[in-house]
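Colleague: how would this look folded up:
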Amino acid sequence: MVALAASLFYVGGMFLNDAFDHRHDARSQPTRPIPAGLIGAREVYRIGFGLLAAGALLMVGCALALDPARATRTAGAALALGASIVLYDAWHKGNAVGPVIMGTCRMLVYVCAALITADAAGFRLGIGAAALLAYLIGLTYAAKQESLARVGSWWPLLFLAAPLGATLLIAGPMLLARPLVWLLLPAFALWVVRAVRILMARGPGSVPRAVVALIAGISLCDALFAAASGATVAGAGAALALPVTLLLQRWVKGA
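Modeller: Coordinates of the predicted model:
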């Protein structure tokens, strides 16, 4: 149910992204649904905000079912998540801190899940959330280069490596006892290197291809942190989400 609630937030944000961008898209991408007249902007706004509200209510409902004492803090985190999504959608173009806002959206999914299912947010949550924020900053920076002929500065892409260090911190002295982590660490590193090499090629469509790969790589971030925490089954499931994401991106454009 928590995963479903997070998905409602995600899809709601996708709708609102199109709604807030519809005037810009009318000039630069007239084939998008709203400029093309397939649906009205007002209706897309209603759907987007409705999905955010549904996600928040479902999260609070999950907290109430597990422990009513968690409902208030969950409501606050869900409100922060929704506000971050709206802020990014409304103010991502030309915004220097846009990548940070985008990373905050995904980071708050971790926070919401933790507040719903646990009595206290601990060290591992803080490390994982911070690393995921860093990864999303690097990813969003890469995505923002899509309209440029070249990437002017590469240093923000170093943020993409943050999950590697975070995994070692989360696992700590138990690292040697968690073999799945040793499989996922090189897999994640190779996946990021592959995406960056695509980006650096600067060929036609290289940035969208790299961004699609990095978006799918979020699954590997989740897998690393779960496996490092000792949740082997959850880690394996998150890793399997990578090929599933790539498959579904054939029907739903990833970038």
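Colleague: Find the centremost residue of the protein, please.
Modeller: R106 (4.3 Å; CA atoms, centre = their mean).
Colleague: Give me the below-cutoff pLDDT ranges for the protein.
Modeller: 145-153, 254-255 (pLDDT under 70).
Colleague: give the contact list for the closest residue to A171 other than its chain neighbours.
Modeller: Distances taken as CB to CB, 6 or more residues apart in numbering put A228 closest to A171, at 4.0 Å, once the chain neighbours are dropped. Backbone N, C-alpha and C define where each C-beta goes, glycine included. Residues near A228 by CB atoms under 8 Å, 6 or more residues apart in numbering: 124, 167-168, 170-171, 175, 178, 181, 235.
Colleague: switch the cut-off to 7 Å
Modeller: Shown in contact with A228 (CB atoms under 7 Å, 6 or more residues apart in numbering): 167, 170-171, 178, 181.
Colleague: Can I get the helix or strand in which P186 is found in PDB? Just the C-alpha atoms.
Modeller: Here P186, judged by DSSP states H and E, is contained in helix 179-201. Output in PDB follows, covering the C-alpha atoms of helix 179-201 (Å, rounded to 0.1, in the frame of the first residue of the first chain):
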ATOM      1  CA  PRO A 179      26.900 -11.200  -0.500                       C
ATOM      2  CA  LEU A 180      24.100  -9.500  -2.400                       C
ATOM      3  CA  VAL A 181      25.800  -6.200  -1.700                       C
ATOM      4  CA  TRP A 182      29.000  -7.400  -3.400                       C
ATOM      5  CA  LEU A 183      27.000  -8.300  -6.500                       C
ATOM      6  CA  LEU A 184      25.100  -5.000  -6.600                       C
ATOM      7  CA  LEU A 185      28.000  -2.700  -6.000                       C
ATOM      8  CA  PRO A 186      29.800  -3.400  -9.300                       C
ATOM      9  CA  ALA A 187      26.500  -3.700 -11.100                       C
ATOM     10  CA  PHE A 188      25.500  -0.200 -10.000                       C
ATOM     11  CA  ALA A 189      28.900   1.300 -10.800                       C
ATOM     12  CA  LEU A 190      29.000  -0.200 -14.300                       C
ATOM     13  CA  TRP A 191      25.400   1.000 -14.900                       C
ATOM     14  CA  VAL A 192      26.300   4.600 -14.000                       C
ATOM     15  CA  VAL A 193      29.600   4.500 -16.000                       C
ATOM     16  CA  ARG A 194      27.600   3.200 -19.000                       C
ATOM     17  CA  ALA A 195      25.100   6.100 -18.700                       C
ATOM     18  CA  VAL A 196      27.800   8.700 -18.300                       C
ATOM     19  CA  ARG A 197      29.700   7.400 -21.300                       C
ATOM     20  CA  ILE A 198      26.500   7.700 -23.300                       C
ATOM     21  CA  LEU A 199      26.200  11.300 -22.100                       C
ATOM     22  CA  MET A 200      29.700  12.100 -23.000                       C
ATOM     23  CA  ALA A 201      29.400  10.700 -26.500                       C
END
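Colleague: What residues sit buried inside the next helix or strand after it?
Modeller: As assigned by DSSP H and E, the chain's next helix or strand after helix 179-201 is helix 206-216. Buried residues in helix 206-216, counting neighbours by 16 or more other CB atoms under 10 Å, are found at 206-216.
Colleague: do the same with stretch 232-239
Modeller: Applying 16+ other CB under 10 Å to stretch 232-239 flags 235, 238-239 as buried.
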